[in-house]
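Enquirer: below are the sequence and a predicted model for it; my questions follow.
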Protein chains: 2
Amino acid sequence: MKIGDVAKRTGASVRSIRHYEKVGLIRATREENGYRDFDEADMLLVRRIGRMIRLGFTTEEIATFLNCIVDDPATVTACPKVAAAHRLKLAAIERQMADLETRRQKLLITLKAASGQDDISVPETLAHAETSPIALAHPRHPGARGLFRRRG
Amino acid sequence: MKIGDVAKRTGASVRSIRHYEKVGLIRATREENGYRDFDEADMLLVRRIGRMIRLGFTTEEIATFLNCIVDDPATVTACPKVAAAHRLKLAAIERQMADLETRRQKLLITLKAASGQDDISVPETLAHAETSPIALAHPRHPGARGLFRRRG
DNA sequence: GTAACCCCTGACATCAATGTCAGGGTCAAG
DNA sequence: CTTGACCCTGACATTGATGTCAGGGGTTAC
């Protein structure tokens, strides 16, 4: 199966599949002409990688436990590394959510103060005094890149 | 007041203050020797910019409404643009939170399936079937950059 | 005059997956 | 043999505030 077929059947772009190979998440044999050759198992793997990425794992993180997942036809059995990675990711996500919630509350306060008047009066004290100097240990939200903002 | 003083009194780095000037958020007069010269108002402005950035606004967004904020000593009065920008940011944050919550739930499901067993059994169907192809219109979480992950 | 600070500009790096283009093959159908 | 549809590699771009370095100058106190 050629890379284009895998792309169609997994939803991943050709570019992404090549990338997964480059970072060592998948391995492809080569035909005589240099074309990559994939089989069904590779395809399932690409699908799994895509799901992990959508969950927010980076390829680097996935690499730490992907080789520790062994499939049989319909089931995947994984070793503890998988759960560990999931717990870490979960914690990171919850930190991000907490940060977002904090910011949300502050925005709401400002908006509340603004409602009902044409001009917004924002006392300095209300302007969210001293937020933590700079927060967020795990700032980025990986997973779901590639589509860039269209300037708007 | 020189840039170093402003940095100390606002918590922003010298680099950041220069950046704010470059993108047009602040204006500094120059001394004869080329040094930037700031006054108290500039300092308050830098503080406000810092707060906005911590709230998640980009400098570009801030630029759309910062000039529409007029201070008198202790109070800030702003025009509707400020509220509009805040509402947009609020909506973006809530989208991000919803996305995080979705991912959180999926991670929890996997972890739940894993609990109590040495090996994790992750049926394909459970492996979060077809998440939206690629989500997140406003992927990044701006505000709070600069401190990079220390590889961990 | 020289050390110790501070300021200036400009450029590169960071993070990470993906898009996109250039330049160049392979192959089957017409 | 040409056309069209693929495949290949390698490189640059995207996001965006900030860190950091290079190379050069100012100011002050000893």
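Expert: Noted; the coordinates are in hand.

Enquirer: from now on I want contacts and neighbour counts done on CA atoms only, so please keep to that.
Expert: OK.

Enquirer: where does the prediction get shaky in chain A?
Expert: A:70-78, A:115-152 (pLDDT under 70).

Enquirer: can you give me the strands in chain A?
Expert: Along chain A, counting by DSSP state E, strands occupy A:29-30, A:36-37, A:69-72, A:75-78, A:120-121.

Enquirer: please identify the pairing partners of the first one and their relative orientation?
Expert: Applying DSSP bridges to the sheet, strand A:29-30 is found paired with strand A:36-37 (antiparallel).

Enquirer: for stretch A:102-114, buried residues please.
Expert: Of the residues in stretch A:102-114, those buried by neighbour count under the rule 16 or more other CA atoms under 10 Å in any protein chain shown are A:103, A:104, A:106, A:107, A:110, A:111, A:113, A:114.

Enquirer: against residue A:5, how distant is the fourth one?
Expert: Pointing back at residue A:107 there. 47 Å (CA to CA, to the nearest Å).

Enquirer: swap in the fifth one?
Expert: Relative to residue A:5, residue A:110 is positioned 52 Å away (criterion: CA to CA).

Enquirer: before we move on, back to that, pick the one among the buried residues of stretch A:102-114 closest to DNA strand C.
Expert: Of all these, DNA strand C sits closest to residue A:103, with 21.0 Å by CA to the nearest atom of the strand.

Enquirer: could you find the closest non-adjacent residue to the closest one?
Expert: residue B:55 (5.5 Å; CA to CA, 6 or more residues apart in numbering or on different chains).

Enquirer: please tell me how far the one you found sits from DNA strand C.
Expert: Distance, residue B:55 to DNA strand C, by CA to the nearest atom of the strand, to the nearest Å: 19 Å.

Enquirer: and the helices in chain A?
Expert: A:3-10, A:14-22, A:40-55, A:59-66, A:80-114 (DSSP state H).

Enquirer: who wins for proximity to DNA strand D among these?
Expert: Per CA to the nearest atom of the strand, nearest to DNA strand D of those: helix A:3-10, 3.1 Å.

Enquirer: the closest one near DNA strand D anywhere?
Expert: Yes: using CA under 7 Å from any atom of the strand, helix A:3-10 comes into contact with DNA strand D via A:3, A:4, A:5.

Enquirer: neighbours of the closest residue to residue A:14 other than its chain neighbours, how many?
Expert: The shortest distance from residue A:14 to any non-neighbouring residue, by CA to CA, 6+ apart, is to residue A:7 (5.6 Å). Counted with other CA atoms under 10 Å in any protein chain shown, residues neighbouring residue A:7 total 18.

Enquirer: my read is that residue A:7 contacts residue A:38, right?
Expert: No: contact criterion CA atoms under 8 Å: residue A:7 and residue A:38 do not qualify, at 10.9 Å.

Enquirer: got any residues that touch both of those two?
Expert: Common contact partners of residue A:7 and residue A:38 (CA atoms under 8 Å, 6 or more residues apart in numbering or on different chains): none.

Enquirer: wouldn't residue A:31 be in contact with residue A:37 here?
Expert: Yes: using CA under 8 Å as the test, residue A:31 is close enough to residue A:37 to be in contact (6.3 Å).

Enquirer: which of the two has more neighbours?
Expert: residue A:37 (15 against 11).

Enquirer: relative to residue A:3, how far out is the more buried one?
Expert: From residue A:37 to residue A:3 the distance is 7 Å (CA to CA).

Enquirer: cool, and residue A:96?
Expert: From residue A:96 to residue A:3 the distance is 36 Å (CA to CA).
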